[in-house]
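Trainee: sequence plus predicted model, see below.
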Amino acid sequence: MPTKDRREILKLFASAPLAAGFAFSEAQAQTAHEHARKAATAAAAGKAAAYTPKFFTPHEWETVRVLVDIVIPKDERSGSATDAMVPEFMDFILRDPLAERVPLERNQTRMRGGLAWLDLECGRRFAGKSFVACSDAERKAVLDDIAYPRKAAPERVPAAAFFTAFRDLTAAGFWSSKLGVQDIGFKGNTFVAEWNGCPPEVLKKIGVDA
């Protein structure tokens, strides 16, 4: 990204409302996952190349894939955010042609500015290295400084607001995905042949008579 463009984005990023997150509707989330699944299915079947982001630059895409897996890593119970195609989810949310212009532009500015800040901050601290090029310990040091908005230094408040919004978007993308729904053990939208009422132990726990 040209230095001039990056500076302009960072100016806009710093002036964005701190309380604002990444705005999108439930319908947009569902559509984003549908697009991600179709792209993955086509690629797996050899009918299309691997997913190519429409909003993110190649470097931003690499950064996002690293960052979402820091927020939600793979564990013994479930896959990571990239396994749930959260980056693809984000890419659609940030270039949805049917989205309202002002919220969409605000989302784009916040994302681009936040990712640019990560690279600049890492470069300042670690001999010019980008966020992706840093070690796990170096990335953690930077993220720890913006992980808690109330504890962030005044000059890092916009970055802390970005990281909070990024975590929220990552969580929204993960737990609205098929993998995320399986992770929380959601049992809705399934046919029940017979309903026997609430289990007695549950009624007893909440203090309700059968």
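Mentor: It's in.
Trainee: which helices and strands does the helix ranked longest in the chain pack with?
Mentor: In terms of residue count, the longest helix belonging to the chain (DSSP state H) is helix 101-125. Other elements packing on helix 101-125 under the criterion 3 or more Cβ pairs under 8 Å, 6 or more residues apart in numbering; DSSP states H and E are helix 3-15, helix 58-71, helix 136-144, helix 157-175. (Each C-beta comes from the backbone N, C-alpha and C, glycine too.)
Trainee: for Thr109, which of the ones you listed is the nearest?
Mentor: helix 3-15 (4.8 Å; Cβ to Cβ).
Trainee: what average pLDDT does that closest one get?
Mentor: Averaging the model's pLDDT scores along helix 3-15 yields 59.
Trainee: numbering from 30 from now on, please.
Mentor: Shifting the count to begin at 30 puts that one at helix 32-44.
Trainee: so after it, what's the next helix or strand?
Mentor: Toward the C-terminus, helix 32-44 is succeeded by helix 55-73 as the next helix or strand (DSSP states H and E).
Trainee: got the contact list for that next one?
Mentor: 53, 77-80, 114, 117-119, 121-122, 125, 127-128, 201-202, 205-207 (Cβ atoms under 8 Å, 6 or more residues apart in numbering).
Trainee: now the protein, which segments are flagged as low pLDDT?
Mentor: Where the chain drops to pLDDT under 70, the residues are 30-50, 52, 71-78, 213-221, 239.
Trainee: pick out the residue closest to the middle of it.
Mentor: When Cα atoms, centre = their mean is applied to the chain, the residue found nearest the centroid is Thr199 (2.4 Å).
Trainee: surely that residue and Pro102 touch.
Mentor: No. Thr199 lies out of contact with Pro102 (Cβ atoms under 8 Å); the separation is 11.1 Å.
Trainee: shared neighbours of the two, anything?
Mentor: Ala110.
Trainee: about what we covered before: mind putting the helices and strands packed on helix 130-154 into CSV with distance to Ala69?
Mentor: CSV is the format used below for these (distance: least, Cβ to Cβ, whole Å):
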stretch, distance to Ala69
helix 32-44, 30
helix 87-100, 14
helix 165-173, 27
helix 186-204, 14
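Trainee: right, and those - which one's nearest Asn136?
Mentor: Going by Cβ to Cβ, the one of those nearest Asn136 is helix 186-204, 8.8 Å.
Trainee: buried sites along the next helix or strand after the closest one?
Mentor: Sequence-wise, the next helix or strand beyond helix 186-204 is helix 207-212, with elements assigned using DSSP H and E. Neighbour counts using 16 or more other Cβ atoms under 10 Å place 208-210, 212 of helix 207-212 among the buried residues.
Trainee: what does helix 207-212 contact?
Mentor: Residues contacting helix 207-212 (Cβ under 8 Å, 6+ apart): 62, 66, 106-108, 112-113, 203-204.
Trainee: render the CA-only coordinates of stretch 57-69 in PDB, please.
Mentor: What follows is stretch 57-69, C-alpha atoms only, in PDB (Å, rounded to 0.1, in the frame of the first residue of the first chain):
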ATOM      1  CA  GLN A  57     -25.500 -10.300   5.400                       C
ATOM      2  CA  ALA A  58     -23.900 -12.800   7.800                       C
ATOM      3  CA  GLN A  59     -25.900 -15.700   6.300                       C
ATOM      4  CA  THR A  60     -25.100 -14.600   2.800                       C
ATOM      5  CA  ALA A  61     -21.400 -14.300   3.600                       C
ATOM      6  CA  HIS A  62     -21.200 -17.900   4.900                       C
ATOM      7  CA  GLU A  63     -23.100 -19.100   1.800                       C
ATOM      8  CA  HIS A  64     -20.600 -17.500  -0.500                       C
ATOM      9  CA  ALA A  65     -17.700 -18.900   1.500                       C
ATOM     10  CA  ARG A  66     -19.100 -22.400   1.500                       C
ATOM     11  CA  LYS A  67     -19.800 -22.300  -2.300                       C
ATOM     12  CA  ALA A  68     -16.300 -21.000  -3.000                       C
ATOM     13  CA  ALA A  69     -14.700 -23.800  -0.800                       C
END
